[in-house]
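> Provide a 3D model corresponding to the input given below.
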Amino acid sequence: MPKVVHTNAAGLVQSAGSRVYLRSNTDPGALITRTGAPGVLVDDGNAILVANIKKISTITLGADRSKATPTAAALINLIGLTEDDDSFLLTIVHLGTNGTRKLTITAGTGVTLVGSAVVFEKDEASDAVSSGSAQFLIRRTGAGAVSIYRVA
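Numbering: from 1, shown residues only. Reported below is the predicted structural model:
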């Protein structure tokens, strides 16, 4: 069933209950989403806290770390992935700058990782390979399952 769409005073078209807007007074229409303050991932070997998964999450490491994702059920609930193939784009920004420390993400229960799950610190050398950030697409694949794809 389609959701009710309305236009607010700023000219933003929004589906009822959605945080995604389409600016109707631009050509072409600009897709606008709400982005709150970044989540901060903790510098330890414990699993990533579901409360720290935001559109943008940051981390500064004192040493190489491995951190498990939250469970698929927790991700589905937190993000609101109500139907299969619903997805969420997550950016992790590694704030370290010496280029040697890495965050390795491991799969929590019900999570499948696709592609590289390693986020290196930013390396400012002219021949550097790492920008210090990574983007992941979290996609619901079933009632208790998600795949997390490294997309950038």
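> Which parts of the protein belong to which domain?
What automatic domain parsing lists as the domains of the chain is 1-34, 36-150.
> what sits against the residue nearest to Gly108 when sequence neighbours are not counted?
Distance criterion CB to CB, 6 or more residues apart in numbering; nearest residue to Gly108, sequence neighbours excluded, is Thr69 at 4.2 Å. Just so you know, the C-beta spots here come from the backbone N, C-alpha and C atoms, and that holds for glycine as well. By CB atoms under 8 Å, 6 or more residues apart in numbering, Thr69 lies in contact with Ala47, Ile48, Leu75, Ile105, Thr106, Ala107, Gly108, Val111, Leu113, Ile148.
> What ranges does the protein have for its strands?
Counting by DSSP state E, the segments of the chain that form strands are 5-7, 12-15, 20-23, 30-33, 39-40, 56-59, 65-68, 87-94, 102-106, 111-114, 118-120, 133-142, 145-150.
> Buried residues, the longest one. List them.
By that I understand strand 133-142. Buried residues in strand 133-142, counted by 16 or more other CB atoms under 10 Å: Ser133, Ala134, Phe136, Leu137, Ile138, Arg139, Arg140.
> ok, the fourth one to Thr58 distance?
Here Leu137 is placed at a distance of 19 Å from Thr58 (CB to CB, to the nearest Å).
> cool, Leu95 as well?
Separation of Leu95 from Thr58 (CB to CB): 6 Å.
> Likewise for Val42?
Going from Val42 to Thr58 by CB to CB gives 11 Å.
> Who has more neighbours out of those two?
Legend: neighbour count by other CB atoms under 10 Å for Val42 and Thr58, higher for Thr58 (16 against 13).
> Identify the residue nearest the geometric centre of the protein.
Leu90 (1.2 Å; CA atoms, centre = their mean).
> Please read off the pLDDT at it from the model.
Leu90 carries a pLDDT score of 93 in this model.
> which non-adjacent residue is nearest it?
Phe136 (4.7 Å).
> isn't that neighbour right next to Arg150, touching?
Yes. The pair Phe136 / Arg150 is scored as a contact, 5.8 Å apart, by CB atoms under 8 Å.
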